[in-house]
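Engineer: mind folding the following:
(2 chains)
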Number of protein chains: 2
Amino acid sequence: MDAFVFDAYGTLFDVHSVVRRCDAFWPGKGAALSQAWRTKQLEYTWLRSLMGRYAPFSQVTWDALQWACDSLKLEKRDDELKQLMGEYLRLDTFPDVKETLGKLKGKRLAILSNGSPDMLDPVVAHADLRLDAVLSVDALKVYKPAPAVYQLAVEKLKVADRSAVTFVSSNCWDAIGAKSFGFRVFWINRAGAPADRLGFSPDGVLTTLSDLIGMAA
Amino acid sequence: MDAFVFDAYGTLFDVHSVVRRCDAFWPGKGAALSQAWRTKQLEYTWLRSLMGRYAPFSQVTWDALQWACDSLKLEKRDDELKQLMGEYLRLDTFPDVKETLGKLKGKRLAILSNGSPDMLDPVVAHADLRLDAVLSVDALKVYKPAPAVYQLAVEKLKVADRSAVTFVSSNCWDAIGAKSFGFRVFWINRAGAPADRLGFSPDGVLTTLSDLIGMAA
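Structural biologist: Below you'll find the model as predicted:
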């Protein structure tokens, strides 16, 4: 049976509420803080993977938040930093997520995320998503886009081979990593960003998740 | 015999001339372009390493430049992009490099760089640096901070073991990668940036290269 596998943060879950709360705590600095935080969070996943020094996404995210505050010379108030981390546990899904997943009924549906179970399980429960599997890189101790991560979906979803998996991500580099591995891949480019230049291209570029129906299913 | 191993770009070689030329081509946008270019250049080294899809630093740098221009919606004129790439072949060293290397006479001195030989050899020749070895990750097809990269220096410099190597980088993540590997490490923090939070700390943090003398030698 074919499978549809989704990235979590930024793809199904909208991290805009985190940005909003950053701005509430440090008025006028929310956008800069969120951007520095997100950039560093990803950097740390790649660097730790290459160093062979995995730490769970919850720790990486916390470390990146501290760095981002320091880099912008913002006063770090422990209580507010913890509230920001807490936002990750109750993110909203994008408005078209439930309907799109509903239309894919009959396919195997899964999340494949960098998020560690302590972050991923609460946010999936909060959104009440019906999925066949919620897969975390934490089982492997290495982050995307290592091929082993995409292989995890092949094994756990018991698909015939990698070409039976359609992978969907709003992160271009994640989409390209999955394409390099051998999935059919759609990049959700909500922001109209230029494609990354890493030697592979997604099979399709969509502006919203709901465009997947018709294009891919 | 003890060895001193230096990162190249930003550590021995000042990339400021690249920033200046970016601004000459796209007035007022030089700083933003340089920053996007550098950020993406590093991202692509980490992503390609994790994907198992190595490409030489010259290609990664070219790809990152194209992306950075697109992301800032700058008109890409092929001639100017090639001139920017050309700047990398004739970077100036920081003013204290020659004197500092001179004072380390009697030690084994080397560069260990992400740069591919087509970029690294011309810039080292242009600066007329006297070194025992110029080592490129290109021999391994994986980028820093993979442990194999730091191991290359141990093997090529024929030191007794990794603790006999003092490693110097202006990139905090590179310094931490080398420390995680087992080198003695100094981070040259010219910009006063916050340290990265990756589970290890350099043995020392210096503001200029010349501070190495006395601290480390």
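Engineer: and the lowest-mean-pLDDT helix or strand in chain A, what's buried?
Structural biologist: Ranked by mean pLDDT, DSSP states H and E, the weakest helix or strand in chain A is helix A:212-215, scoring a mean of 87. Of all the residues in helix A:212-215, those buried under the rule 16 or more other C-beta atoms under 10 Å in any protein chain shown are residue A:212. Any C-beta I mention is one placed from the backbone N, CA and C, and that applies to glycine too.
Engineer: so what does that helix touch, helix or strand wise?
Structural biologist: helix A:97-103, strand A:204-206 (3 or more C-beta pairs under 8 Å, 6 or more residues apart in numbering or on different chains; DSSP states H and E).
Engineer: and the shortest one with chain B, contact?
Structural biologist: In this case it means strand A:204-206. No. Strand A:204-206 does not reach chain B (C-beta under 8 Å from any C-beta of the partner chain); its nearest approach is 14.1 Å.
Engineer: what's the average pLDDT for that strand?
Structural biologist: Mean pLDDT, computed over strand A:204-206, is 96.
Engineer: how about stretch A:136-149?
Structural biologist: Mean pLDDT, stretch A:136-149: 98.
Engineer: and for stretch A:17-29?
Structural biologist: When pLDDT is averaged over stretch A:17-29, the result is 93.
Engineer: quick one: that stretch near chain B?
Structural biologist: No. Counting by C-beta under 8 Å from any C-beta, chain B is not contacted by stretch A:17-29; separation bottoms out at 15.7 Å.
Engineer: give me every residue in chain A lying close to chain B.
Structural biologist: Going by C-beta under 8 Å from any C-beta, the residues of chain A near chain B are A:39, A:42-44, A:46-53, A:55, A:63-64, A:66-67, A:70-71, A:142-147, A:173, A:176-177, A:180, A:193-194, A:196-200.
Engineer: buried ones among the residues you listed?
Structural biologist: Judged by 16+ other C-beta under 10 Å, buried ones among the residues of chain A next to chain B: A:42-44, A:46-51, A:53, A:55, A:63-64, A:67, A:142-147, A:173, A:176-177, A:180, A:196-200.
Engineer: those in strands, which ones?
Structural biologist: Taking DSSP state E, every one of these sits outside strands.
Engineer: list the ones among the residues you listed that fall in helices.
Structural biologist: A:42-44, A:46-51, A:63-64, A:67, A:147, A:173, A:176-177, A:180 (DSSP state H).
Engineer: neighbours around residue A:76, how many?
Structural biologist: Residue A:76 sits with 11 neighbouring residues when counted by other C-beta atoms under 10 Å in any protein chain shown.
Engineer: correct me, but it touches residue A:66?
Structural biologist: Yes. With contacts counted by C-beta atoms under 8 Å, residue A:76 reaches residue A:66, the gap being 6.6 Å.
Engineer: who touches both of those two?
Structural biologist: Counting by C-beta atoms under 8 Å, 6 or more residues apart in numbering or on different chains, residue A:76 and residue A:66 have no contacts in common.
Engineer: now residue A:190, what's its secondary structure?
Structural biologist: coil (DSSP: H, G, I helix; E, B strand; the rest coil).
Engineer: the domain parsing of chain A - what is it?
Structural biologist: Chain A breaks down by automatic domain parsing into domains covering A:3-13+A:91-215, A:16-87.
Engineer: please report how far residue A:209 lies from chain B.
Structural biologist: For residue A:209, the distance to chain B equals 23 Å [C-beta to the nearest C-beta, to the nearest Å].
Engineer: same check, this time on residue A:123
Structural biologist: With C-beta to the nearest C-beta as the criterion, residue A:123 and chain B are 23 Å apart.
Engineer: mind checking how far that residue is from residue A:163?
Structural biologist: Using C-beta to C-beta, to the nearest Å, one gets 30 Å for the distance from residue A:123 to residue A:163.
Engineer: quick one: which of these two has more around it?
Structural biologist: Between residue A:123 and residue A:163, counted using other C-beta under 10 Å, the more crowded position is residue A:123 (24 against 12).
Engineer: mind giving me the packing neighbours of the helix or strand in which that one is found?
Structural biologist: Following DSSP states H and E, one finds residue A:123 within helix A:117-127. For helix A:117-127, the packing partners by 3+ C-beta pairs under 8 Å, 6+ apart come out as helix A:57-71, strand A:108-113, strand A:133-136.
Engineer: for the residue lying farthest from the centre of chain A, give its distance to residue A:92.
Structural biologist: Distance from the C-alpha centroid of chain A peaks at residue A:75, with 28.1 Å (C-alpha atoms, centre = their mean). Noted for residue A:75: a distance of 28 Å to residue A:92, by C-beta to C-beta.
Engineer: residue A:124 against residue A:133, yeah?
Structural biologist: No. Applying C-beta under 8 Å, one finds residue A:124 not in contact with residue A:133, separated by 10.6 Å.
Engineer: shared neighbours, the two?
Structural biologist: Shared contacts of residue A:124 and residue A:133 (C-beta under 8 Å, 6+ apart): residue A:111.
Engineer: who has more neighbours out of the two?
Structural biologist: With neighbours defined as other C-beta under 10 Å, residue A:124 and residue A:133 compare such that residue A:124 has more, 21 against 16.
Engineer: how about the nearest residue to the more buried one, chain neighbours excluded?
Structural biologist: residue A:134 (5.4 Å; C-beta to C-beta, 6 or more residues apart in numbering or on different chains).
Engineer: likewise for residue A:188?
Structural biologist: Closest residue in space to residue A:188, ignoring its immediate chain neighbours: residue A:170 at 4.3 Å, by C-beta to C-beta, 6+ apart.
Engineer: what's near enough to touch that neighbour?
Structural biologist: A:7, A:10-11, A:187-190.
Engineer: closest one of the residues you listed to residue B:27?
Structural biologist: residue A:189 (29.7 Å; C-beta to C-beta).
Engineer: need phi/psi at that closest one.
Structural biologist: phi -100, psi 70 (degrees, to the nearest 10).
Engineer: and if you look at residue A:190?
Structural biologist: Here the main-chain torsion angles of residue A:190 (degrees, to the nearest 10) amount to phi -60, psi -30.
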